[in-house]
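1. Structure for the following, please:
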Amino acid sequence: MNKKTLFAATAVCSLMFTACIGGDDEPMDTMQSPFTIHQTTGGVVLYMDGGSVVYPTQTSVNDITNNKGFGDVKRAVLQFQYDETMVTDNGNNTATIRNAVLIGGNGIPTFNALTKEEAREKNVLEEDSIFGFNDLTKSNIWFSRGFLTISYNSTYYSNVNGGYHIPTANAIIEADPANQRNIDITLLLNKHTKKGDRAVGNATIINSFDITNFAHLFPSSGFDSISCNVHYKLETGMTEEEKTVVKNAAVKDFFYPW
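-> The predicted model follows:
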């Protein structure tokens, strides 16, 4: 098999979601990537992180959703196949792919990013609900298509009903009153269990946060990118370490792509 990265989502996502493309002996090429999903009267449009656009066949949408459609799913990691004759190179390492055939995928749990006030109202800042990430690196935090997305590692716990408590994260965004080019983002992990409970496993989890409600923080013209100070806790043995990384984000990524 060949390995192509021309239409991979971003450098980050090409590491997380390898684009595995079929060789000359295979009739269709295959790719996997995270997407923002837009449902229109003409059908589903998939906006790949990084800039490419994919138009899947309605038949394949029906096939992988059991004829239910994507419903309220906003983000997903999807696998699809396509014919190279259906690809238009848009430049800037992006493409438009038509008549793509979806073959599988998983929805990404998606939440609204919060202001500090909203976080207080929702009790997100309660100390007993805040845990450290087992692993979260700068390269696994990215912005695209109106969403902030993180891929992190966390322990998880069993519940009395035989299922599991699945961790989720929250994102709190605050403007820097002294500089419109800066924002602070605090990522908080909630394991939905009590501290001291026994963990039963460890998993890599992807969460996305809708950040379009914060587009008003930036002027409509004047600059294209901002600096984001991202704060979070890491579990290091029996202690927790405060971590801050700086990520650049395009202002356009605080808007949906349509």
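
2. Show me what Val77 is bridged to.
-> Taking DSSP bridges as the rule, Val77 bridges to Pro34, Asn106.

3. show me the contacts for it.
-> Counting by Cβ atoms under 8 Å, 6 or more residues apart in numbering, Val77 makes contact with Phe17, Gln32, Ser33, Pro34, Phe35, Gly105, Asn106, Ile108, Ile206. For glycine as for every other residue, the C-beta is placed from the backbone atoms N, C-alpha and C.

4. Put together CSV for those residues, with neighbour count, distance to Pro219 and pLDDT on each row.
-> Below are these laid out as CSV (neighbours: other Cβ atoms under 10 Å; distance: Cβ to Cβ, whole Å; pLDDT from 0 to 100):
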residue, neighbour count, distance to Pro219, pLDDT
Phe17, 21, 34, 32
Gln32, 19, 37, 93
Ser33, 26, 31, 94
Pro34, 30, 29, 95
Phe35, 26, 29, 96
Gly105, 18, 37, 92
Asn106, 12, 37, 92
Ile108, 21, 30, 94
Ile206, 21, 32, 95
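
5. export these to a markdown table and tack on distance to Thr59?
-> Below are the contacts of Val77 laid out as a markdown table (distance: Cβ to Cβ, whole Å):
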| residue | distance to Thr59 |
| --- | --- |
| Phe17 | 24 |
| Gln32 | 20 |
| Ser33 | 21 |
| Pro34 | 23 |
| Phe35 | 18 |
| Gly105 | 16 |
| Asn106 | 20 |
| Ile108 | 24 |
| Ile206 | 27 |
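
6. in the chain, what spans have low per-residue confidence?
-> For the chain, the stretches with pLDDT under 70 are 1-27, 195-196.

7. Point to the residue nearest the middle of it.
-> Thr149 (3.1 Å; Cα atoms, centre = their mean).

8. give me the element that one is part of.
-> Secondary structure assigned from DSSP states H and E places Thr149 in strand 147-158.

9. and that strand, C-alpha only, in CSV?
-> What follows is strand 147-158 as a C-alpha-only set of coordinates in CSV (Å, rounded to 0.1, in the frame of the first residue of the first chain):
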residue,chain,number,x,y,z
PHE,A,147,-14.1,23.4,17.0
LEU,A,148,-11.3,22.8,19.4
THR,A,149,-10.4,19.1,19.6
ILE,A,150,-8.2,17.2,22.1
SER,A,151,-7.0,13.6,22.2
TYR,A,152,-6.0,12.5,25.6
ASN,A,153,-5.4,9.5,27.8
SER,A,154,-7.3,8.8,31.0
THR,A,155,-8.2,6.0,33.4
TYR,A,156,-11.9,5.0,33.6
TYR,A,157,-14.0,3.3,36.2
SER,A,158,-16.7,0.7,36.4
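
10. name the helices or strands packed onto the very next helix or strand once past that strand?
-> Once the chain leaves strand 147-158, the next helix or strand it forms, by DSSP H and E, is strand 164-165. Helices and strands touching strand 164-165, by 3 or more Cβ pairs under 8 Å, 6 or more residues apart in numbering; DSSP states H and E, are strand 147-158.

11. rewinding a little: distance from the strand holding Thr149 to the middle of the chain?
-> Averaged C-alpha coordinates place strand 147-158 at 11 Å from its chain's average position (Cα atoms, centre = their mean, to the nearest Å).

12. which helices and strands does it pack with?
-> The contact analysis (3+ Cβ pairs under 8 Å, 6+ apart) places strand 147-158 against strand 141-144, strand 164-165, strand 168-175, strand 182-190, strand 199-210.

13. mind checking how far the residue nearest to the centre of the chain is from Ile141?
-> With the distance defined as Cβ to Cβ, to the nearest Å, Thr149 ends up 8 Å from Ile141.
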